[in-house]
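*Asks:* Have a look at this prediction, sequence included:
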Amino acid sequence: MFENLPKLHRKDRQISFEACEQILQNAEYMVMATADSNAIPYATPLSFVYFEGKIYFHSGMHKGHKASNTAENPYCSLAVVGKTQPVYTKNFTTYFESVIIFGKVSEVTDSARKKAVLFALAEKYLPEYMHHAEHDITASLEWTAVYEISLDKVTGKAKRAKNDA
């Protein structure tokens, strides 16, 4: 499905898959774009975790625009931005790193898998509170939806200071 997408325009800024994975491990949030069955787009910022080679996020159980969109059309695009730094060298520019992903969203229904993902999210965002994780995750499991996104096409690019390249 994603093989006919345009190629990366700035090949000189392309980064390796391994560099993309580092950005996915460290980025704070992503923006997920979906479209409904009428091709009307919707983009939403989400906290996420890159866990065992896939992207995961959670939300309320089957509620909201993204849930209805992904139920109608499971394909999505993700924009993940890593470090950024506006700079002035010979002109105005920004050093950045980013990853674009095309994939398919599916709900995680296995409770053990849901728990593992929710633990990974807790560890990423609030590691100092992991002593509460078991209780809180177990208590919210039945009303929390967890979604998995496949990494069908991944591209990354960066503009860095010459000594960071």
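*Replies:* Thanks, I have it.

*Asks:* Pull out the buried residues from the biggest helix by length in the chain.
*Replies:* Ordering each helix of the chain by length in residues (DSSP state H) puts helix 111-125 first. The neighbour-count check on helix 111-125 (16 or more other C-beta atoms under 10 Å) flags 114-119, 121-122, 124 as buried. The C-beta positions use only the backbone N, C-alpha and C, and glycine is treated the same way.

*Asks:* do the same with stretch 130-150
*Replies:* 133, 137, 144-150.

*Asks:* Can you tell me which of those residues is nearest Ile101?
*Replies:* Here the nearest of the buried residues of stretch 130-150 to Ile101, counting by C-beta to C-beta, is Ile149; it sits at 7.1 Å.

*Asks:* Please report how far that closest one lies from Glu134.
*Replies:* Per C-beta to C-beta, to the nearest Å, Ile149 is found 26 Å from Glu134.

*Asks:* Equivalent analysis for Phe102, please.
*Replies:* To Glu134, Phe102 is 35 Å away according to C-beta to C-beta.
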